[in-house]
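In: turn this into a structure:
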Amino acid sequence: MKKILAVDDNPDNIQLIVDIVEDLGHDVIKAYDGYQALDAVKQFLPDLILLDVNMPGMSGFEVLAKLKENDETKQIPVIMLTALAGIDHRVEGLGLGAEDYLVKPFSPLELIARIKARLRAKAQTDDLREMQQVIRKTFERYVSSAVVNQLLKDPTSIELGGKLQMITVFFADIEGFTTTSERTDPETILTVLNKYHEVTVQIVQQEGGTIDKFIGDAVMALFNTPLQQPDHPLRAVRAACRIRDSLPQFHEQFSEEFRLKINFGIHTGWAVVGNVGAPQIMDFTAVGDTVNVAARLQDLSHNGQILISDATYQLIHQAIRAHPIGAKIFKGRSEAVMTYEVLAILND
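Out: Have a look, this model is predicted:
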């Protein structure tokens, strides 16, 4: 059952609308002038407004203009009902934002058809808006605002449930941070940690990465999700190189004991990506062996190394300078992972 606001200074016209709308199973809110209409909209937030044009005090066009300039009411569809049949009046009403325009006297069947059409369109718009809100709530903490805005342009392309897809997983961990934190007061060490996270997040997001989570002094990020990125392995490696190269200048703000290196592990492979958690609390993340391999590579790295798997290397070897570390066996895996250290991005 929907709420439909009927606005007309003629009680007979109001009663006709009431008879039609109630036969459709909807509630009718009545207003006999523009001021009553605006008060009723504020109080009831109707799903549809049937608005007369010629009314004393405030015309329907004036009411329409006020509705469409208000963020809370501009999405409510309006059908203008008027005896003004001239094309100029139609253009004025539609130009102010009316969704439809029906000339009196009208056929009840035509009004019924237009009411049904506008309510269907509003339901679709409401569903789209709700999906956009879900996407913004899900991703605005993890990706740059530019990525969120791009997602909102086509929210139907995003699958928030679990989906198997190829991604590149990125881990960055501050070397020696635990030891440093043991001899530093909590407030200072938290300030230092947040500054390291800030520079990491900024560069990852600039490269189109999605911040998955913070694990103490480590950062996990995903590439090729939620937006598809054909060059996702290179984006992840480039982010790591940029972070590493930014550290000398970044360290200038700290005393010697806080000038720490960052170690990286990067792996490309298949993972299940989507919302994980309980109905009350969910996070957008990735799960699977690909995540584990990236984490193990980061554990293996030291002294500011950027370690990547053979899977990542084969996709970008022409764009990077790297040397092989060798095949490594990681805990929980039977197969060795050929490992490379990235030295630089070529032509960068």
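In: show me where the stretch 201-348 of the chain has its strands.
Out: 210-215, 218-223, 262-277, 282-287, 306-309, 320-328, 337-345 (DSSP state E, counting those that start in this stretch).
In: could you chop this structure up by domain?
Out: Taking automatic domain parsing as the reference, the chain has its domains at 3-137, 144-345.
In: tabulate those domains (a markdown table), appending mean pLDDT.
Out: Below are those laid out as a markdown table (pLDDT from 0 to 100):
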| stretch | mean pLDDT |
| --- | --- |
| domain 3-137 | 90 |
| domain 144-345 | 91 |
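In: TSV for these, including mean neighbour count?
Out: (Glycine included, C-beta is placed from N, CA and C.) Below are the domains of the chain laid out as TSV (neighbours: other CB atoms under 10 Å):
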stretch	mean neighbour count
domain 3-137	16
domain 144-345	18
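In: export the strands of the stretch 201-348 of the chain to JSON lines and tack on distance to A172?
Out: JSON lines is the format used below for these (distance: least, CB to CB, whole Å):
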{"stretch": "strand 210-215", "distance to A172": "10"}
{"stretch": "strand 218-223", "distance to A172": "5"}
{"stretch": "strand 262-277", "distance to A172": "5"}
{"stretch": "strand 282-287", "distance to A172": "16"}
{"stretch": "strand 306-309", "distance to A172": "9"}
{"stretch": "strand 320-328", "distance to A172": "17"}
{"stretch": "strand 337-345", "distance to A172": "13"}
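In: any idea how far P11 lies from Y32?
Out: Using CB to CB, to the nearest Å, P11 is found at 7 Å from Y32.
In: V293 against M338, yeah?
Out: No: between V293 and M338 there is no contact under CB atoms under 8 Å: 11.2 Å.
In: name whatever forms a beta bridge with H267.
Out: Beta-bridge partners for H267, by DSSP bridges, are V169.
In: contacts only, for it.
Out: 168-169, 290, 293-294, 297, 308-309, 311-312, 337 (CB atoms under 8 Å, 6 or more residues apart in numbering).
In: before we move on, back to that, of the strands of the stretch 201-348 of the chain, which is nearest E182?
Out: Set against E182 and scored by CB to CB, the strands of the stretch 201-348 of the chain come closest in strand 218-223, at 17.2 Å.
In: got the angle for the closest one vs strand 262-277?
Out: Put simply, strand 218-223 runs at 70 degrees to strand 262-277, going by axes from the mean of the first three to the mean of the last three CA atoms, to 10 degrees.
In: what lines up beside strand 218-223 in the sheet?
Out: For strand 218-223, the pairing partners within the sheet under DSSP bridges are strand 163-174 (antiparallel), strand 210-215 (antiparallel).
In: any chance of those in CSV, with distance to R333 too?
Out: Output for those, formatted as CSV (distance: least, CB to CB, whole Å):
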stretch, distance to R333
strand 163-174, 15
strand 210-215, 20
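In: can you tell which of the ones you listed is closest to E198?
Out: When the strands paired with strand 218-223 are compared for distance to E198 using CB to CB, the nearest one is strand 210-215, at 11.3 Å.
In: name the element V18 belongs to?
Out: helix 11-23 (DSSP states H and E).
In: packing partners for that helix?
Out: In terms of contacts (3 or more CB pairs under 8 Å, 6 or more residues apart in numbering; DSSP states H and E), helix 11-23 is packed against strand 3-7, strand 27-31, helix 108-139.
In: could you dump the ones you listed to a markdown table with distance to R235?
Out: As requested, the helices and strands packed on helix 11-23 are exported to a markdown table (distance: least, CB to CB, whole Å):
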| stretch | distance to R235 |
| --- | --- |
| strand 3-7 | 49 |
| strand 27-31 | 53 |
| helix 108-139 | 17 |
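In: and the strands of the stretch 201-348 of the chain: which comes nearest D100?
Out: strand 262-277 (38.3 Å).
In: can I get the CA coordinates of the closest one in PDB?
Out: Extracted C-alpha coordinates of strand 262-277, given in PDB (Å, rounded to 0.1, in the frame of the first residue of the first chain):
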ATOM      1  CA  ILE A 262      58.400  -1.900   5.000                       C
ATOM      2  CA  ASN A 263      58.300  -5.500   3.700                       C
ATOM      3  CA  PHE A 264      55.900  -6.600   0.900                       C
ATOM      4  CA  GLY A 265      54.400  -9.800  -0.300                       C
ATOM      5  CA  ILE A 266      52.300  -9.900  -3.600                       C
ATOM      6  CA  HIS A 267      50.600 -12.900  -5.200                       C
ATOM      7  CA  THR A 268      48.100 -13.200  -8.100                       C
ATOM      8  CA  GLY A 269      45.500 -16.000  -8.200                       C
ATOM      9  CA  TRP A 270      42.000 -17.100  -7.800                       C
ATOM     10  CA  ALA A 271      40.100 -16.200  -4.600                       C
ATOM     11  CA  VAL A 272      36.500 -15.900  -3.300                       C
ATOM     12  CA  VAL A 273      35.700 -12.200  -3.000                       C
ATOM     13  CA  GLY A 274      32.700 -10.800  -1.300                       C
ATOM     14  CA  ASN A 275      31.000  -9.900   2.000                       C
ATOM     15  CA  VAL A 276      32.200 -12.200   4.800                       C
ATOM     16  CA  GLY A 277      31.000 -12.200   8.400                       C
END
